[in-house]
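Asks: Build the 3D model from these lines:
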Amino acid sequence: MPTPLPTDLEFNANDDRMRLLISQLKVKLTQVAHGGGEKKIADQHRQGKLTARERIAALVDRGPEPLEIGALAAEGLYPEVGGCPSAGVVVVLGHICGRLAVIVANDATVKAGAWFPLTAKKNLRAQEIALENRLPIVYLVDSAGVFLPMQAEVFPDKEHFGRIFRNNAQLSAAGILQVAAIMGSCVAGGAYLPIMSDEALIVDKTGSIFLAGSYLVKAAIGENVDNETLGGATTHCEISGVTDNKYPDDRACLQAIRDIFDKLGEVPKAGFNRKPAAPPQLDPAELYGHFPADRTKPYDMLEIIHRLVDGSEFRPYKELYGQTLLCGLARVDGWAVGIVANQRKVVKTKKGEIQMGGVIYSDSADKAARFIMNCNQRRIPLVFLHDVSGFMVGSRAEHGGIIKDGAKMVNAMSNSVVPKFTFVLGNSYGAGNYAMCGKAYDPRLIFAWPTAQIAVMSGASAAKTMLQIKMASLQAKGQPLSPEQEAEELRHITEQYNEQLSPYYAAARLWVDGVIDPLATRRVISLGIEAANHAPLRKKYNLGVLQV
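Replies: Next up is the predicted model:
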């Protein structure tokens, strides 16, 4: 049952809505790019230091734009201390002398680069990307250490600050280059990060590294010593040998890092297939008009795919079977990919059944599982495009084994050894999020469009469910709500829940690596596969026990 293309009026309304959302996204990204604000930036410059973003710009090659990870981390969080833009640390995937690398730069304009809970989580994400893609990682260190009022949320647990040094050791054991530049403060436990790296550089007069600063030394052992004598560049390059070389300023230090990368040897590749890139034949800008502003409205996901892939060429797998999931092969910027996407149009099967768009049925799950197995056998990276309401429910679905078929899809996807890349275009609800490789299933990168929503269920469904529970509780206490009170309560619950559906809510908590303009999707996929190509596949694809 084909879904008609949007009329000119619908297309223009969709286009306007998407452009408005992208405009709002750009405003947010511009705000976080200013870190702690113009005054703090000026203070950094007065100290003779570049800001975190200026350091990254000076380090990376001119040309390919770096991909920022977690730009919106901590968005709206920590209001009691005035916020923490980008969680006080900037992380990018960028090229240094032609070699792709992960770059982590503390933003000293944000609370002197102090570590908040999301700062630790974001640093761990950066190391995870480096480790799973076997990419060199550069740390540009300028941090006052743990934000003490929140130390209980940063210090002791498995996914807290200490995990970073464990990852330093794991990266080193894996033969993955780590270069650290001490460009400001580096104190207490944080001192281990650069010294557990392969090479530790330091900027004279502005860089310092010690386990305890002068005030703490005075309090602990009564010694009077200034920070420069205690842990400056001269001390550590000429006396302790803790750091390798010192440099007169930030730019000289950054050039030294480029010199290191300029002489790196080649590494084995995974060997993912790539041919010369071709742009989509259909205009990618039409994505804006084809993606409906009304998320309940059916649409043909093929119209989206054809504007993302090279030459608008997509070869479907089992085209007439399990039609609420689209599976097939294509190329993105020359890279061969396998695409698994939720089909949002309503379809009619050969049996005469009507299937709702965005819902995963047993046949769709079975098809996706087999397609994922095929891509693993052929060493083809996987791209998941989310607009999913969940799995089909009801007696007919249960009798047909929906749980078994859904588990088969989750099993095939979870055990995938080829890299996976996830994009949340619209809805990503419940177990549908899991089956389509949500954050819990280790996608190499996961990004959301401004139209995304991530939750257990839709706002309307969740609000009605929560209202029914509350009404039943009040009824049992003999305190029923009037129709007016019921309507007001529903409105309040819906507003509260909808706030948590926002892609910015997800990005703030690093459930996704960021929110992007749909037109950036091709670039993210291409850079992601380029990164993944540095990590040869070492594991055999094994599904364990799979009920078929």
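Asks: quick one: low-confidence parts of the stretch 101-250 of the chain?
Replies: 189 (pLDDT under 70).
Asks: Tell me where it has helices.
Replies: Assigned by DSSP state H, counting those that start in this stretch, the stretch 101-250 of the chain shows helices spanning 117-133, 162-173, 192-195, 214-221, 227-231, 233-234, 250-262.
Asks: since we're on the nearest residue to residue 114 once chain neighbours are set aside, how many residues are nearby?
Replies: Spatial nearest neighbour of residue 114, excluding adjacent residues (Cβ to Cβ, 6 or more residues apart in numbering): residue 147 at 4.1 Å. Using the backbone N, CA and C atoms, a C-beta is placed for each residue, glycine as well. Residue crowding around residue 147 was assessed by other Cβ atoms under 10 Å; the count is 21.
Asks: Among the helices of the stretch 101-250 of the chain, which comes closest to residue 331?
Replies: Residue 331 lies closest to helix 117-133 among these, at 20.4 Å (Cβ to Cβ).
Asks: mind checking how far the closest one is from the chain centre?
Replies: Using Cα atoms, centre = their mean, to the nearest Å, the mean C-alpha position of helix 117-133 is found 10 Å from that of the whole chain.
Asks: same check, this time on stretch 332-344
Replies: Using Cα atoms, centre = their mean, the mean C-alpha position of stretch 332-344 is found 18 Å from that of the whole chain.
Asks: Can you name the residues that contact residue 110?
Replies: 35-36, 40, 84-86, 88 (Cβ atoms under 8 Å, 6 or more residues apart in numbering).
Asks: okay if I get the residues you listed as a markdown table plus pLDDT, neighbour count and distance to residue 424?
Replies: Listed next are the contacts of residue 110 as a markdown table, based on pLDDT from 0 to 100; neighbours: other Cβ atoms under 10 Å; distance: Cβ to Cβ, whole Å:
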| residue | pLDDT | neighbour count | distance to residue 424 |
| --- | --- | --- | --- |
| 35 | 96 | 23 | 27 |
| 36 | 95 | 22 | 30 |
| 40 | 96 | 18 | 33 |
| 84 | 96 | 27 | 24 |
| 85 | 97 | 24 | 23 |
| 86 | 97 | 26 | 20 |
| 88 | 97 | 30 | 26 |
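Asks: which of the residues you listed lies closest to residue 433?
Replies: Here the nearest of the contacts of residue 110 to residue 433, counting by Cβ to Cβ, is residue 86; it sits at 25.0 Å.
Asks: wait, that closest one sits on residue 77?
Replies: No. With the criterion set as Cβ atoms under 8 Å, residue 86 and residue 77 do not qualify as a contacting pair; they are 11.3 Å apart.
Asks: Helix, strand or coil: sort out the residue sitting furthest away from the middle of the chain for me.
Replies: Here the chain has its C-alpha centre computed as a mean, and the residue farthest from that point, by Cα atoms, centre = their mean, is residue 478 with 47.8 Å. Using DSSP: H, G, I helix; E, B strand; the rest coil, the structure places residue 478 in coil.
Asks: Give the helix, strand or coil label for residue 521.
Replies: Residue 521 falls in the helix class when you classify it by three-state DSSP.
Asks: make that residue 336, sorry
Replies: Applying three-state DSSP to residue 336 yields a three-state assignment of strand.
Asks: got it, and residue 384?
Replies: When the structure is reduced to helix, strand and coil (three-state DSSP), residue 384 reads as strand.
Asks: other SSEs contacting the lowest-mean-pLDDT helix or strand in the chain?
Replies: Here the helix or strand of the chain ranked lowest by mean pLDDT, DSSP states H and E is helix 459-476, holding a mean of 72. Packed against helix 459-476 by the contact rule (3 or more Cβ pairs under 8 Å, 6 or more residues apart in numbering; DSSP states H and E) you find helix 483-501.
Asks: Let me know the next secondary structure element after the helix it packs on.
Replies: helix 503-508 (DSSP states H and E).
Asks: Can I get that next one in PDB, CA atoms only?
Replies: Extracted as PDB, the C-alpha positions of helix 503-508 are listed here (Å, rounded to 0.1, in the frame of the first residue of the first chain):
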ATOM      1  CA  PRO A 503      16.900  14.700  21.700                       C
ATOM      2  CA  TYR A 504      18.700  17.400  23.800                       C
ATOM      3  CA  TYR A 505      17.700  15.500  27.000                       C
ATOM      4  CA  ALA A 506      19.400  12.400  25.500                       C
ATOM      5  CA  ALA A 507      22.400  14.400  24.300                       C
ATOM      6  CA  ALA A 508      22.900  16.100  27.700                       C
END
